[in-house]
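Participant: need a structure here:
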Amino acid sequence: MPIETSSSLKELLMQVNTPVFAVQNDSKINFISEQTDFFLTAFKENTRHRIKAFVPAVRPENLGDEGFKKRHALKYPYIAGAMANGITSSAMVIAMAENGMLGFFGAGGLSIEKIEENIIELKNTLKDKPFGFNLIHSLGDPAHEMATVNLYLKHQINLVSAAAFMRMTPALVYYRIKGIYKDSQDQVVTPHKIIAKVSRIEIARQFFSPPPEKIVNLLLEKGLITDQEAGLSQFIPMAQDLTAEADSGGHTDNRPALALLPTMMAVKNEFMQTYKYKDPLCVGLAGGIATPESAAAAFGMGAAYILTGSINQSCVEAGICEDVKKLLCQADQADVAMAPAADMFEIGAKVQVLKRGTLFPVRADKLHKLYRSHNCFDDIDEKSKQEIQKKILQAEFEDAWDATRDFFQRMGNLKEIERARNDPKHKMALVFRSYLGLSSKWAIKGNAQRKMDYQIWCGPAIGAFNQWAKGSFLEARENRKIAEIALNIMFGACICIRASILKTQGIPLPLGAGVFNPMKKKDILAFL
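Facilitator: All right, here's what the predicted structure looks like:
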């Protein structure tokens, strides 16, 4: 059956505020909007039988979950995830907030002093606009985790992104329940909100459960919370909102999004029934979201919101050097690899990183294999020792240990130093971990001497984004502004959804009719 040209249908689909009708006129199908003269004439002539399909308006602000957007005062259900060491910078968070979206400052790996500087800047700049800070699980340094929480409470940071948690910790529980009270309507009010980032069901269950009573009682015994706060804690979940983290950059379990999101949503529904929470739980999706099609798929599966990370790192606002952004802009989907994680090196946890233009994944993997198979550095064969010292550490092992020890002394973590003195395997782990920790900082600062050792957290999403951006103004890294990218993805998702609605009604689409190519922000806003 003949259909209208793809260009005219594409124009109609881009008018996301206006419904589209597929109307059969003799043997031809035309696509029209309710604003056209043809539409009005058809109804006057009582020819409604000619309408073969209908596509409603689908606006970016109508995607996702209304409760989630209201809870966090957002226009769009879109989050810029927290990339550690300030890669998700204050500039990035500000850009998101000023465009009706949410950004989390990447506080992981930064000193308390540096985090506080950014808190003051963001509070002074954004006032009441929405923003949050990252709270990453510090497996080897719970004191730093608690110090970070105390800082957030001091400055009234009321929203955190909880990442890399394997269990609930005293610091996280303390943040969640401190200040909880009942209002005049007898409703439990929680001043401090958590959006958890999770890839495993057992962790999701912990976040959707009330705070563990054992930890609550511990906090009560220490005088950190009141009897009222302890009692009310059992009526709320640890996190109202949870991000199902699929195949992503950095810490990841490489979970497939198509299986992970429905599973997490089933867990959410189970816990809503079990605990009868008054405010609904929400599940969003992260990992692999880089194009309008992937965003549309996430919302189509029921995601309350979407969260991006890898693609943001190539933006002008990202707190990382230009050489790294250049590498990211050239990356394909296969240009990523898994490598040992610095913060959980001993237990074998891994992070996903860019392998294009760097030897970090290979070198980090070698260090971990040697650590697993040897009890101390001296037990390693001479050839491997020389390679480690000359190429990887670029220092004698003992000199590298001295620098590592000095770092832990500055951080006030004397337990690690004492343990290393009594355990040569742990000493080796700390030195190897120092390379992993420094490699991400070299990438941020742009240390040209260590360019081949850059650790660049990245998932396959960057390759999909680069393919989509190819030939458009977003191909050039100097044009990649985070809010403009986010708006393109959200607007494009609306077009993809509208095209999909047509197809589900049996209407074949001309080639390219439902495809959206990146546009300048001002041009998108003209449609909205």
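Participant: residues touching the residue positioned nearest the centre of the chain, list them.
Facilitator: The centre of the chain sits closest to Gly81, judged by CA atoms, centre = their mean, with a distance of 3.2 Å. Applying CB atoms under 8 Å, 6 or more residues apart in numbering to Gly81 gives the contacts 88, 104, 161, 197, 243, 286, 307-309, 312. Using the backbone N, CA and C atoms, a C-beta is placed for each residue, glycine as well.
Participant: could I get these as JSON lines with distance to Val189 and neighbour count?
Facilitator: JSON lines is the format used below for those (distance: CB to CB, whole Å; neighbours: other CB atoms under 10 Å):
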{"residue": "Thr88", "distance to Val189": "29", "neighbour count": "32"}
{"residue": "Phe104", "distance to Val189": "23", "neighbour count": "26"}
{"residue": "Ser161", "distance to Val189": "21", "neighbour count": "28"}
{"residue": "Lys197", "distance to Val189": "24", "neighbour count": "29"}
{"residue": "Thr243", "distance to Val189": "23", "neighbour count": "29"}
{"residue": "Ala286", "distance to Val189": "28", "neighbour count": "31"}
{"residue": "Leu307", "distance to Val189": "26", "neighbour count": "27"}
{"residue": "Thr308", "distance to Val189": "31", "neighbour count": "25"}
{"residue": "Gly309", "distance to Val189": "31", "neighbour count": "29"}
{"residue": "Asn312", "distance to Val189": "32", "neighbour count": "28"}
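Participant: nearest to Glu117, of those residues?
Facilitator: Taking CB to CB as the measure, Glu117 lies nearest Thr88 of those, at 15.0 Å.
Participant: next, the buried residues of stretch 258-268.
Facilitator: Within stretch 258-268, the residues that qualify as buried are 260-261, 264-265, 267-268, counting by 16 or more other CB atoms under 10 Å.
Participant: which residues sit against it?
Facilitator: 198-199, 201, 204-205, 208, 242, 244-246, 281-283, 285, 287, 298, 301-303.
Participant: and with 10 Å instead?
Facilitator: Stretch 258-268 has contacts (CB atoms under 10 Å, 6 or more residues apart in numbering) with 198-202, 204-205, 207-208, 237, 241-247, 253, 255, 280-288, 297-298, 301-304.
Participant: so Arg167 makes contact with Ile203?
Facilitator: Yes: counting by CB atoms under 10 Å, Arg167 does reach Ile203; the two are 7.8 Å apart.
Participant: the two: which is more packed in?
Facilitator: Using other CB atoms under 10 Å as the criterion, Arg167 and Ile203 rank with Ile203 on top: 19 against 11.
Participant: residue contacts, the more buried one?
Facilitator: Neighbours of Ile203 in contact, by CB under 10 Å, 6+ apart: 162, 164-168, 196-197, 242.
Participant: could I get those residues as a markdown table with distance to Ile507 and secondary structure?
Facilitator: Converted to a markdown table, the contacts of Ile203 look like this (distance: CB to CB, whole Å; DSSP: H, G, I helix; E, B strand; the rest coil):
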| residue | distance to Ile507 | secondary structure |
| --- | --- | --- |
| Ala162 | 44 | strand |
| Ala164 | 46 | coil |
| Phe165 | 47 | coil |
| Met166 | 49 | coil |
| Arg167 | 51 | coil |
| Met168 | 50 | coil |
| Ala196 | 41 | strand |
| Lys197 | 39 | strand |
| Leu242 | 37 | strand |
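Participant: the buried residues of stretch 258-268 in helices, which ones?
Facilitator: Members of those lying in helices (criterion: DSSP state H): 260-261, 264-265, 267-268.
Participant: I figured Tyr76 was touching Asp65, is that so?
Facilitator: No: using CB under 10 Å, Tyr76 is not in contact with Asp65; the gap is 11.8 Å.
Participant: give me the common contacts of the two.
Facilitator: By CB under 10 Å, 6+ apart, Tyr76 and Asp65 have these common neighbours: Tyr305.
Participant: let me know the secondary structure of Phe407.
Facilitator: Of the three states, Phe407 takes helix according to DSSP: H, G, I helix; E, B strand; the rest coil.
Participant: show me what contacts the closest residue to it other than its chain neighbours?
Facilitator: Leaving out its chain neighbours, the residue that sits closest to Phe407 by CB to CB, 6 or more residues apart in numbering is Ser434, at 7.1 Å. By CB under 10 Å, 6+ apart, Ser434 lies in contact with 342, 393, 395, 400-401, 403-405, 407-408.
Participant: quick one, which of the residues you listed are buried?
Facilitator: 342, 393, 395, 400-401, 404-405, 407-408.
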